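Q: What follows is a predicted structure for the sequence shown.
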Amino acid sequence: MSKSGRVAKIAGIGLAKRGLGILLTAGAVDAAEEALNQVDDAVKDAVNEGLAGAGQGLADDSFAGSGASSRLMETRIAQFQEGQAAISGMKQSLNAVIASLQNGSTSPPIIIVIDELDRCRPTYAIKLLEEIKHLFDVKGIIFVFGLHGEQLSHSVSGAYGPGFDGKGYLRRFFRRRYALKEPNLIPLLEKIVGSTSITMDRLSYPYVKFERRSEDIELPQLISLYMKAYGLRPRDAFEIVDMLETCMALSKPETLNLVYLLPLTMGHILGNSSSKVPDPINPFNFEYEHYISQTPVYYTPINLAREFEVYGAYNSSEFNAAYGSDPDNYAIQSIANIQYRKPVNSESLSRVNNYPKLISTVSRFTLPVATSEV
């Protein structure tokens, strides 16, 4: 009982009210917490009331002079002291390893790289950081973390509750940060596209105009422009190119127009469940250029995509009327070439009005995770 008195002075009387947590193993407490996360609020409240009552009863018993609780407290204190000694011994051993390296052909520091911590469960990421800080805080050992800092700070805030300063918490662990430069997507896309069966003879889009000059740009550069406009990451390039290749396979031998198809593909990558052209996250920094009787006409990519969306949904009589009133419109010309100037089955996935269905069909294919070679 003298031991429990000392612990109470150190930890405060709040320790006594958590008697249930003392008697249950850590694994059981974690399991109970995991189970509670899966029930509704009414059940949680009822269970929590029961646990609070049980905890109070156990605490009262333990402070009433029970020999069993006294032995339990002594065991806990001994385990804590053993744990502290074990940590101290581990750090001494690590120091010895560092010292031994200085006398050999290899010199410190030992560098340990941990990648993609932000993709782990928040509770696991927090536990890992805490243990590295407490167990491996030894001169001569350096940990390098590859992670999305903003995403991890949001995960930490979610784990600890609303209003928690996730960024401030993470600053406790990282002594120095280095933000990677925005990568150039074009070389990556060139390599990915070059490894596929994609051929430009079945893809169409107008000239692209940057500020004062117009260019007939290649497919990798065009995809990169859309990826930047929609705020996609380099790793999304693999899925985008894979989807385009599958689109071409399912629509063979017809031509596909990327003005409308690429925004729909980007929308799928972003989790857009509708079949509408999504709004870009960043403004487009280029225009499409179309010539009418040697006179250039300029279209913003998002507006032109929506013209495809509107005219593609017309029935034949509505489309004929639109064609009669504006035959030089790029979207109208392209739709006429794709599905009106040659016989194409109304169910064909190459028809512009079926592009949303084409993307939906392609989304059922899964790209294997084999991107580490690039």
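A: Nice, I can see it. Residues are numbered from 1 along each chain as shown.
Q: Could you use CA atoms for every contact and neighbour count after this?
A: Noted.
Q: Show me the residue at the heart of this protein, geometrically.
A: Residue closest to the average C-alpha location in the chain (CA atoms, centre = their mean): Arg119, at 7.2 Å.
Q: Tell me how far Val113 lies from Ala99.
A: 21 Å (CA to CA, to the nearest Å).
Q: Report the beta-bridge partner residues of the closest residue to Thr300 other than its chain neighbours.
A: Excluding its sequence neighbours, the residue lying closest to Thr300 (CA to CA, 6 or more residues apart in numbering) is Glu287, at 4.9 Å. For Glu287, the beta-bridge partners under DSSP bridges are Lys209.
Q: Just to check, Glu287 is in contact with Ile302?
A: No. When contacts are counted by CA atoms under 8 Å, Glu287 is not listed as touching Ile302 (9.5 Å).
Q: Now do the shared contacts for those two.
A: Common contact partners of Glu287 and Ile302 (CA atoms under 8 Å, 6 or more residues apart in numbering): none.
Q: so who does the residue nearest to Thr300 touch?
A: Val208, Lys209, Phe210, Tyr298, Tyr299, Thr300, Pro301.
Q: Can I get those residues in CSV including distance to Lys167 and neighbour count?
A: Supplementary listing: these in CSV, determined by distance: CA to CA, whole Å; neighbours: other CA atoms under 10 Å:
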residue, distance to Lys167, neighbour count
Val208, 41, 20
Lys209, 41, 19
Phe210, 39, 13
Tyr298, 45, 15
Tyr299, 42, 17
Thr300, 38, 14
Pro301, 37, 20
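Q: closest to Val259 among these?
A: Pro301 (7.0 Å; CA to CA).
Q: how far away is the closest one from Ser153?
A: Look at Pro301 and Ser153: by CA to CA, they are 35 Å apart.
Q: One more: Pro187?
A: Taking CA to CA as the measure, Pro187 falls 31 Å from Ser153.
Q: Have a look at these two and say which one is more surrounded.
A: Neighbours per residue, other CA atoms under 10 Å: of Pro187 and Ser153, the larger number sits with Ser153, 21 against 13.
Q: Report the mean confidence score over the helix or strand hosting that one.
A: Using DSSP states H and E, Ser153 falls within helix 149-160. The average pLDDT for helix 149-160 rounds to 80.
Q: Which strands or helices does the very next helix or strand once past that helix pack on?
A: For helix 149-160, the succeeding helix or strand toward the C-terminus, using DSSP H and E, is helix 166-171. Counting contacts by 3 or more CA pairs under 8 Å, 6 or more residues apart in numbering; DSSP states H and E, helix 166-171 is packed against helix 149-160.
Q: Flag every buried residue along the helix it packs on.
A: Gly149, Leu152, Ser153, His154, Ser155, Val156, Ser157 (16 or more other CA atoms under 10 Å).
Q: same check, this time on stretch 269-288
A: Here stretch 269-288 shows Ile269, Val277, Pro278, Pro280, Phe286, Glu287, Tyr288 as buried, counting by 16+ other CA under 10 Å.
Q: For Leu270, see how far away the fourth one is.
A: Read it as Pro280. Applying CA to CA, the value for Pro280 to Leu270 is 11 Å.
Q: just the last one next, same as before
A: When CA to CA is the yardstick, Tyr288 and Leu270 sit 24 Å from each other.
Q: Now do the same contact list for the spatially closest residue to Ile198 that is not a sequence neighbour.
A: In this structure, Ile198 finds its nearest non-sequential neighbour in Glu245, 5.8 Å apart by CA to CA, 6+ apart. Glu245 sits next to Thr196, Ser197, Ile198 when contact means CA under 8 Å, 6+ apart.
Q: Now do the SS call for the last one.
A: So the one you mean is Ile198. Here Ile198 is coil, with the state taken from DSSP: H, G, I helix; E, B strand; the rest coil.
Q: for Arg233, same thing?
A: Applying three-state DSSP: Arg233 is coil.
Q: Buried subset of the contacts of Glu245 as a PyMOL selection?
A: To isolate the buried members of the contacts of Glu245 in PyMOL, using 16+ other CA under 10 Å:
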select buried, resi 198
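Q: could the contacts of Glu245 go into JSON lines alongside distance to Asp236?
A: Shown next, in JSON lines, are those (distance: CA to CA, whole Å):
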{"residue": "Thr196", "distance to Asp236": "16"}
{"residue": "Ser197", "distance to Asp236": "19"}
{"residue": "Ile198", "distance to Asp236": "18"}
